[in-house]
Structure formats: C-alpha cells, structure tokens
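Chemist: Just a sequence and a predicted model for now, questions to come.
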Amino acid sequence: MQLFKDKGVKMVDTTCPWVAKVWNSVDQHSRKSYTSVIHGKYSHEETIATASFADTYIIVRDLVEAQMVVDYILTGGDREAFLKHFEKAVSKGFDPDTDLVKVGLANQVSAAGGRRRGA
C-alpha cells in the first residue's frame, strides 16, 4: 500500500456499505467479548472475510442450524455432536459451553436474500 501512496496513486474504498456495516458489527462484538453468530455459508469468501473480524464465532447456514444454536444455549446438549456438526464453521478453540454465553448476531449480506424465513 505504501508503494502506491509513494507513487501518488489515489485509493478508493469500494467496499459495499452493507458489507462494511456487517464487518463493523462483528468487530463491535469482539470488542465487547461477544461471540458472533454469523448467518452465511462457512466457505463463502464474504463470510470468511466477515469471520476474520471476530475473535470467536459460529457460522449458521439456515434456520435449522440457528435453532440448533438456540437449543444449545437454552438447554445444553451433546457438546461433541454439536462441535462435530459445526466443525468447519467455528473459530479455533470454540467451546459452546463458554462461547455461547454472550452472543451478537450478524446476517451476512449475500446470505440474506433467498434464505430468510425458511426460503
């Protein structure tokens, strides 16, 4: 970046404002020591970028997975089965028994369109 600045290249941030809003929300979750529950596909580039703003996160793909998280928060459950199901969709060292005590929600912009309300 410094090379471009040294050459006088004008930088323009073209980040979608809706994406930036989600990133800012996740960053705020981290600052408050919350776990971010991110709605999206764990392998999608935009979701990966969003998760990079979180210290601790779990990514839920749909309402079924969101309900699994809610159920675990409310009643606990089989920790190992839960971790196995979400193994590719959680931050390193994620522990549902401690990391789901304080949560913040983030709806990945690209995930919102066709999958709201069970669509």
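Modeler: Yep, that arrived.
Chemist: Mind jotting down where the strands sit in the protein?
Modeler: 35-39, 57-60, 103-107 (DSSP state E).
Chemist: out of these, nearest to E87?
Modeler: Distance to E87, taken as Cβ to Cβ, is lowest for strand 57-60 among those, at 10.8 Å. No exception for glycine: its C-beta is placed from N, CA and C like everyone else's.
Chemist: counting contacts, what elements does the closest one pack onto?
Modeler: strand 35-39, helix 45-51, helix 63-75 (3 or more Cβ pairs under 8 Å, 6 or more residues apart in numbering; DSSP states H and E).
Chemist: hey, which of the ones you listed is tucked in deepest?
Modeler: For these, the largest average neighbour count (mean count of other Cβ atoms under 10 Å) is found in strand 35-39, namely a mean of 24.
Chemist: mind giving me CSV with the strands of the chain and columns for distance to W23 and mean pLDDT?
Modeler: Below are the strands of the chain laid out as CSV (distance: least, Cβ to Cβ, whole Å; pLDDT from 0 to 100):
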stretch, distance to W23, mean pLDDT
strand 35-39, 11, 97
strand 57-60, 12, 98
strand 103-107, 9, 95
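Chemist: Quick one, which of these gets closest to I48.
Modeler: Comparing the strands of the chain against I48 with Cβ to Cβ, the closest turns out to be strand 57-60 (9.3 Å).
Chemist: CA atoms only for the closest one, dumped as PDB, please.
Modeler: Provided in PDB are the C-alpha atoms of strand 57-60 (Å, rounded to 0.1, in the frame of the first residue of the first chain):
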ATOM      1  CA  TYR A  57     -17.600 -17.000  16.000                       C
ATOM      2  CA  ILE A  58     -20.000 -19.700  14.800                       C
ATOM      3  CA  ILE A  59     -21.500 -19.600  11.300                       C
ATOM      4  CA  VAL A  60     -25.000 -20.900  10.800                       C
END
